[in-house]
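Participant: Just need the structure, nothing else, for what follows:
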Amino acid sequence: MQIAVLASRQQKESIQKEEWSGPHEFIWADSLRSLLIIEADLFIDLQFDYERERIAGLTKLLPKPVLVSPLSYTNWEFLPSFIRINAWPQRIKYELDAQEKLLVGVKHRT
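Facilitator: Numbering: from 1, shown residues only. Modelled structure (predicted):
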């Protein structure tokens, strides 16, 4: 599974130091623009902010799963197509493991 990720240096280091099960590859984006041109099975924006341009770009990645961790935005009802995750350093592995298991389950059923 290829997972495209836009993250801060600290978030990237946190993800890289974890042990991950299953065959997968993290592809690191250095900007939203680079995230949007990567071919992947799953997209993660750990720098998400509620901006029209950002939402429009991420929407183009659908129907592939798009996980976002809002930096400050709390009015979530306007973004029903994205999967909101908690990206605190101690929670990233838990959140990504849960989403990976869900995605693998969906692929096996189709």
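Participant: Extract the residue ranges of the chain that are flagged as low pLDDT.
Facilitator: In the predicted model, the chain carries pLDDT under 70 at residues 71-80, 88-110.
Participant: So which residues of it form helices?
Facilitator: 9-16, 32-37, 52-59, 92-109 (DSSP state H).
Participant: Contacts only, for the residue nearest in space to the middle of the chain.
Facilitator: With distances taken as C-alpha atoms, centre = their mean, the residue of the chain nearest its centroid is residue 44 (1.5 Å). Counting by C-beta atoms under 8 Å, 6 or more residues apart in numbering, residue 44 touches 3, 4, 5, 6, 7, 66, 67, 68, 69, 85, 96. Placement of C-beta: from N, CA and C, glycine included.
Participant: rerun at 7 Å
Facilitator: Remark: with contacts taken as C-beta atoms under 7 Å, 6 or more residues apart in numbering, residue 44 is in contact with 3, 4, 5, 67.
Participant: what's the neighbour count on the second one?
Facilitator: Here the neighbour count serves as a burial measure; for residue 4 (other C-beta atoms under 10 Å) it reads 24.
Participant: Against residue 63, how distant is residue 38?
Facilitator: Per C-beta to C-beta, to the nearest Å, residue 38 is found 16 Å from residue 63.
Participant: do the same with residue 3
Facilitator: Counting by C-beta to C-beta, the gap from residue 3 to residue 63 is 16 Å.
Participant: contacting residues around residue 67?
Facilitator: 43, 44, 83, 85, 99.
Participant: ditto for residue 25
Facilitator: Applying C-beta under 7 Å, 6+ apart, the residues near residue 25 are residue 2.
Participant: what do you get for residue 42?
Facilitator: Residue 42 touches 1, 3, 64, 65, 103, counting by C-beta under 7 Å, 6+ apart.
Participant: and the nearest residue to residue 83 once chain neighbours are set aside, bridged to which residues?
Facilitator: Counting by C-beta to C-beta, 6 or more residues apart in numbering, residue 67 is the residue found nearest to residue 83 once chain neighbours are left out, at 4.7 Å. Beta-bridge pairing of residue 67 under DSSP bridges involves residue 44, residue 83.
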